[in-house]
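J.: How does the following fold in three dimensions:
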Amino acid sequence: MEPLLTVKIGCLVALLFITLVCGLIPAQVKWFQIKAAKGRHRRILSFIGCFAAGVFLGACLMHTAADALTDIQGELGKRLQQVRWRRDARDPLAPLDYPFAELVISLGFFLVFLTESLVLHCCHVAPPSHGAPGKDPACSAPSVPSVPHSHGATVPSVPSVPHSHGVPVPGGPSPGSFRALVLFITLSLHSLFEGLAVGVQQGEAGALQLCLAVLAHKGVIAFSLGLQLVQSGTRPRWRLLYLGIFALMSPCGMAIGIGLSLSGGAAGGLAMALVEGVAAGTFLYITFLEILPHELSSHEPPLAKFSFIALGFTVMATIAVWA
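T.: Below you'll find the predicted structure:
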């Protein structure tokens, strides 16, 4: 076996193992169940949640959005060179003077915004009676006016209404279940692209360096994702499914990249760059309109929350030096 292929396979196994371990720690350890925590235990879990929010913020700005901007601009530049488009005789290959990459990311943001708005609208106009004919079972939980629009909130006035943040299931998914699903899909897509980037490397040193950078922040993100799923009330079986698929995405991307490099094919392309841009936009929505507001709304001291959020962001910003 060639040394380069050996390095890539070793990286593939390491990515799968590290992601699973880091994601399952908060998902399987009862200590991280914030609903059962009180006093000092609850405060510690709140600070850990703030740290995870900072990790998501750093991953969003320093990794996902930054990678999408670079990839889209690079692919558009390649297309301009291929068609030899002439806009100015003095600058024959001048790029289009329009922020297309930013537009694609914004479309991803508004795509999730529109989808969630439609879901909430359909649920709110549904008949209030659970047994009424024509009732849409997919809207049974959110149709109750007392259900709040935030992660981890309880429903004291209607104990029978489940507030699950897992995969939508027949019988009443909540708005939070949709956000958890979007967060999972976004992180999984980004992981797939990261694995692809490692798989197409042509040198052992480059593959190993990039893999170590991916490992460093993938472990932190997997832990934060597991914590987010636990504290938002996702059911255990869905948590395991989420984390299992998430752990497989980077190895799958790496396997695809290895196949492309062995066959001499070219990885990436404008279509993949656009998909990554849309995924970055969805991550922006989840980070700034769901994760951060939820952590900032807790009753802990504001400066303490800021410190842990800043710490999480600093970790991801530091990792970006090698990524």
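J.: For the closest residue to Q33 other than its chain neighbours, list the residues it contacts.
T.: Leaving out its chain neighbours, the residue that sits closest to Q33 by Cβ to Cβ, 6 or more residues apart in numbering is V230, at 6.4 Å. C-betas here are computed from N, CA, C, even on glycine. With contact set as Cβ atoms under 8 Å, 6 or more residues apart in numbering, V230 has these partners: P26, A27, F32, Q33, I34, R239.
J.: Who wins on neighbours among those?
T.: P26 (25 neighbours; other Cβ atoms under 10 Å).
J.: how much space between that residue and S261?
T.: Look at P26 and S261: by Cβ to Cβ, to the nearest Å, they are 35 Å apart.
J.: do A222 as well
T.: Distance from A222 to S261, by Cβ to Cβ: 26 Å.
J.: try Y242
T.: For Y242 relative to S261 (Cβ to Cβ), the value is 30 Å.
J.: quick one: which of those two has more around it?
T.: Using other Cβ under 10 Å, the more surrounded residue of Y242 and S261 is Y242, with 26 against 19.
J.: Doesn't G77 belong to a helix?
T.: Yes - counting by DSSP: H, G, I helix; E, B strand; the rest coil, G77 falls inside a helix.
J.: what secondary structure does the residue positioned nearest the centre of the chain sit in?
T.: Taking Cα atoms, centre = their mean, the centroid of the chain lies closest to L187, which sits 2.9 Å from it. Using three-state DSSP, the secondary structure recorded for L187 is helix.
J.: Read off the pLDDT value for it.
T.: For L187, the model assigns a pLDDT of 85.
J.: so what's it up against?
T.: I221, L225, F246, F283.
J.: one more time with 7 Å
T.: I221, L225, F246 (Cβ atoms under 7 Å, 6 or more residues apart in numbering).
J.: Toward the C-terminus, what is the element adjacent to the lowest-mean-pLDDT helix or strand in the chain?
T.: The helix or strand of the chain with the poorest confidence is helix 175-199; it has a mean of 76 (mean pLDDT, DSSP states H and E). Next along the chain after helix 175-199, taking DSSP states H and E as the criterion, comes helix 204-231.
J.: The helix or strand that that next one is followed by - what's its average pLDDT?
T.: Using DSSP H and E, the helix or strand that follows helix 204-231 in sequence is helix 236-263. On average, the pLDDT along helix 236-263 is 84.
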